[in-house]
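Enquirer: got a predicted structure plus its sequence, pasted below:
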Amino acid sequence: MMTTDFAELLESPVDAFAEGLRFFRGEGMVNETLRRLVADLESHRIDYSIIGGVALN
């Protein structure tokens with residue numbers, strides 16, 4: 001699996017736009033990171049809440 005640095009992705013307007021589209025489809029880097037974080041917190045039985053712009057999506 002190839003990883004991409006988010007800051008590098010934002011350097012290209014075309015790539016940044018494509019990542020924005022993926023985000024709103026629930027398929028972006030932020031979405032995947034959030035899924036992994038939630039799975040880890042739940043596996044350790046840690047309560048959590050999501051706030052901000054990600055919570056609204």
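Expert: On my side now, so go ahead. Numbering: from 1, shown residues only.
Enquirer: where does the protein dip in pLDDT?
Expert: Low-confidence segments of the chain, defined by pLDDT under 70: 1-3, 57.
Enquirer: report the central residue of it.
Expert: In the chain, the residue lying closest to the centroid (CA atoms, centre = their mean) is residue 30, at 0.9 Å.
Enquirer: three-state assignment of the residue of the chain most remote from its centre?
Expert: No residue in the chain sits farther from the centre than residue 45, which is 21.5 Å out by CA atoms, centre = their mean. At residue 45 the chain is in coil, as set by DSSP: H, G, I helix; E, B strand; the rest coil.
Enquirer: circling back: could you find the closest non-adjacent residue to the residue nearest to the centre of the chain?
Expert: Take residue 30 and drop its neighbours on the chain: the residue closest to it by CB to CB, 6 or more residues apart in numbering is residue 23, 5.7 Å away. From N, CA and C alone the C-beta is placed, and that goes for glycine too.
Enquirer: what does the helix or strand harbouring the one you found contact?
Expert: Assessed by DSSP states H and E, residue 23 sits inside helix 13-24. Residues from elsewhere that reach helix 13-24 (CB atoms under 8 Å, 6 or more residues apart in numbering): 9, 10, 28, 29, 30, 31, 57.
Enquirer: quick one, which of the residues you listed are buried?
Expert: Among the contacts of helix 13-24, the ones that count as buried by 16 or more other CB atoms under 10 Å are 28, 31.
Enquirer: show me the contacts of helix 13-24 that map onto helices.
Expert: The helices, defined by DSSP state H, take in 9, 10, 29, 30, 31 from these.
Enquirer: among these, which pair sits farthest apart?
Expert: Maximum pairwise distance in the ones in helices among the contacts of helix 13-24, criterion CB to CB, is 16.2 Å, between 10 and 31.
Enquirer: related to what we said a few turns ago, how much space between the residue farthest from the centre of the chain and residue 55?
Expert: Distance of residue 45 to residue 55, computed by CB to CB, to the nearest Å: 21 Å.
Enquirer: got it, and residue 28?
Expert: 15 Å.
Enquirer: could you do residue 4 as well?
Expert: 24 Å.
Enquirer: what do you get for residue 10?
Expert: Distance from residue 10 to residue 55, by CB to CB: 22 Å.
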